[in-house]
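J.: Coordinates for the following, if possible.
(one chain, ligands or ions: 2)
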Amino acid sequence: MTSGNEPDTADVLVVGGGTGGYSTALRAAALGLDVVLVERDLVGGTCLHRGCIPSKAMLHAAELVDGIAEARERWGVKATLDAVDWPALTATRDDIVARNHRGVEAHLAHAGVRVVRAAARLTGPRSVAAGGREYTARRGVVLATGSRPRLLPGLVPDGRRVVTSDDALFAPGLPDSVLVLGGGAIGVEYASLHRSMGARVVLVEAAERLLPLEDAEVSRQLGRGLRRRGIELLTGARLTGAEPYGSGDGGGVRVTVLTDRGETRVHEVARLLVAVGREPVTDGLGLAAAGLATDARGHVAPADWARLETAVPGIHVVGDLLPPPSPGLAHASFAEGLLVAEVLAGGAPRPIDYPAVPRVTYSSPQTASVGLTEQQARDRGLDVVVNTMPLTAVAKGMVHGQGGSVKVVATGGGGPVLGVHLVGPHVSEMIAESQLIVGWEAEPADVAWHIHPHPTLSEAVGEVFLTLAGRGLHQSA
Ligand SMILES: Cc1cc2nc3c(=O)[nH]c(=O)nc-3n(C[C@H](O)[C@H](O)[C@H](O)COP(=O)(O)OP(=O)(O)OC[C@H]3O[C@@H](n4cnc5c(N)ncnc54)[C@H](O)[C@@H]3O)c2cc1C
Ligand SMILES: NC(=O)c1ccc[n+]([C@@H]2O[C@H](COP(=O)([O-])OP(=O)(O)OC[C@H]3O[C@@H](n4cnc5c(N)ncnc54)[C@H](O)[C@@H]3O)[C@@H](O)[C@H]2O)c1
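T.: Ligands and ions are numbered 1, 2, ... in the order given. Next comes the predicted model:
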């Protein structure tokens, strides 16, 4: 925290202390710059306090619950689930969040970043008002104010019956039934989590498939996996009404959905979880005072993507405040923070290769991908070859018994790999090699000389590349 008599000038002013803002601050400080970081809530932002970390902690617990059923049903381990002790589960989650939070605070303090806990407002292109003081930046201002759940007209979250990801996991327990609206990453992960914990789950997606930005094979495999787990999946479907009914524990929401076949379905559920995307946060930020405006969807767009710098020289943007192709992911915001700090320190870092940013969904089954989808590659007029293999084609895939697949999209004639798309158990931990393959523009023949350990799930990735390189072992070309 700053005290009243410290100077009000810094090299860099960062507004927002989420993953985008704090990574900018840490890197800038490491490069010798004097940094003020203004955060109105808690450093760590959405990802640490309401997003990635609490949700993944609980999805880990959900995997353990699923493991009990698998142990009993497949392996003859006579285990049963007595109960989920919610206070104990959430205490472990909250401890993980709290320890990470203390860690971020300690890193910032150690780096000499001055953290101001207040709402910041731009007062000019190089100045910010916060906590009753005005700060001026010698080198630049970095906007990192992030995003919040997008709401639909007439659907007001009340934290009980109608919720968003901001509160769905923080109520005292999970409901016994839920309709999840939106089949993006949040909708899929939260539907999966609720199902593992025993809820009846309906997942409604307006587009014709889940994760519409992913490869169609990923959506197909994921949909199949979720249905197999008993999740009712409605794609190409539209919400037409949501009315509360009853009171207390017996009450819920009566949700009306128009399906892709033109049928009207009514679902009575304890909770409606709205997960239809996120919108940037700029209210009260004073963009106009700095000569900035948002784009039509509320983002602040850079004029120079290589430097993530707006049309106002010295004002940079990172994280969820950026429009696509920035993907709205924490690890992308880390990379953006590093880049902007290095630009402000006078460097010329390599621009971010957005298609090469990996994307992971931590549901059961998981999805993980990097690079272009088959359709994107074809739409670019590229000469495309594709090889797909089920994970159960390798022994470890059979051990896991959860299906899944590996799909590689490559340039014809042995050219560079364009995309890798995985579905199945543990693929979140398997995507890293593919991210290097795509990022380094490796060719299947380069990859095929590298030996994958046996027996692992990653062997399936190796096999797909062996076949593409004309050296197929278990898979015929
Ligand atoms: C449920 C959920 C799960 C997710 N899971 C993942 C995941 O597994 N992996 C992944 O990569 N991404 C995940 N994400 C996305 C990830 O959380 C975001 O991409 C990331 O948090 C963006 O970071 P940011 O710094 O841009 O914004 P934020 O983290 O939103 O931080 C912005 C900060 O700015 C502060 N702020 C705003 N306005 C002001 C102001 N005027 N003055 C001062 N401070 C201000 C806010 O208080 C906030 O702390 C998830 C998101 C959600 C919602
Ligand atoms: N594992 C991860 O990396 C992870 C996890 C959670 C969130 N996130 C990030 O957080 C952000 C927000 O996630 P999200 O899932 O809310 O947004 P999203 O934009 O990824 O998905 C929203 C989904 O809702 C659908 N939709 C929109 N309006 C609808 C309506 N009226 N009815 C039914 N469906 C509708 C869209 O077609 C889309 O598929 C994204 O940037 C996401 O990548 C990432």
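J.: List, one by one, the residues from the stretch 51-200 of the chain near ligand 2.
T.: The stretch 51-200 of the chain comes close to ligand 2 at residues 152, 181, 182, 183, 184, 185, 186, 187, 189, as judged by CB under 6 Å from any ligand atom. In this view, the C-beta of every residue, glycine as well, is placed from N, C-alpha and C.
J.: Can you tell me how far the nearest residue to residue 461 once chain neighbours are set aside is from ligand 2?
T.: With CB to CB, 6 or more residues apart in numbering as the criterion, residue 461 has its nearest non-adjacent residue at 5.3 Å, and that residue is residue 406. Taking CB to the nearest ligand atom, to the nearest Å as the measure, residue 406 falls 19 Å from ligand 2.
J.: Show me which residues of the biggest strand by length in the chain are buried.
T.: Taking DSSP state E as the criterion, the chain has its longest strand at strand 133-143. Judged by neighbour count (16 or more other CB atoms under 10 Å), strand 133-143 contains these buried residues: 135, 136, 137, 139, 140, 141, 142, 143.
J.: So what's the residue count around residue 331?
T.: Residues lying near residue 331 (other CB atoms under 10 Å) number 16.
J.: Could you give the backbone dihedrals for it?
T.: Main-chain torsions, residue 331, degrees, to the nearest 10: phi -70, psi -30.
J.: got a list of what the spatially most central residue of the chain touches?
T.: Nearest to the geometric centre of the chain sits residue 329, at 4.6 Å (CA atoms, centre = their mean). If a contact means CB atoms under 8 Å, 6 or more residues apart in numbering, then residue 329 has 357, 359 as its contacts.
J.: again, only using 10 Å
T.: 19, 47, 52, 185, 319, 320, 335, 357, 358, 359, 360 (CB atoms under 10 Å, 6 or more residues apart in numbering).
J.: ok, and the most crowded of those?
T.: Among these, the one with the most neighbours (other CB under 10 Å) is residue 319, at 32 neighbours.
J.: And the residue lying closest to it once chain neighbours are set aside, how far from residue 96?
T.: In this structure, residue 319 finds its nearest non-sequential neighbour in residue 20, 2.7 Å apart by CB to CB, 6+ apart. When CB to CB, to the nearest Å is the yardstick, residue 20 and residue 96 sit 21 Å from each other.
J.: do the same with residue 237
T.: The span separating residue 237 from residue 96 equals 35 Å under the rule CB to CB.
J.: the more surrounded of those two?
T.: Each of residue 237 and residue 96 has its neighbours counted (other CB under 10 Å); residue 237 has more, 23 against 16.
J.: Surely that one is in contact with residue 204?
T.: Yes - the criterion here is CB atoms under 10 Å, and residue 237 meets it with residue 204 at 5.0 Å.
J.: which residues do the two both contact?
T.: Common neighbours of residue 237 and residue 204, counting by CB under 10 Å, 6+ apart, are 181, 183, 257, 258, 259, 265.
J.: Can you say which of these are buried?
T.: By the neighbour-count criterion of 16+ other CB under 10 Å, the shared contacts of residue 237 and residue 204 include these buried positions: 181, 183, 257, 258.
J.: Which of those fall in strands?
T.: Per DSSP E, the subset of these in strands is 181, 257, 258.
J.: for those, which one is nearest ligand 1?
T.: When those are compared for distance to ligand 1 (CB to the nearest ligand atom), residue 181 wins out at 14.3 Å.
J.: what about the closest one, distance to residue 22?
T.: With distances defined as CB to CB, the gap from residue 181 to residue 22 amounts to 31 Å.
J.: on that earlier part again, how about the buried ones among the shared contacts of residue 237 and residue 204 in TSV, adding distance to ligand 1 and pLDDT?
T.: Rendered in TSV, the data for these read as follows (distance: CB to the nearest ligand atom, whole Å; pLDDT from 0 to 100):
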residue	distance to ligand 1	pLDDT
181	14	98
183	14	98
257	23	98
258	27	97
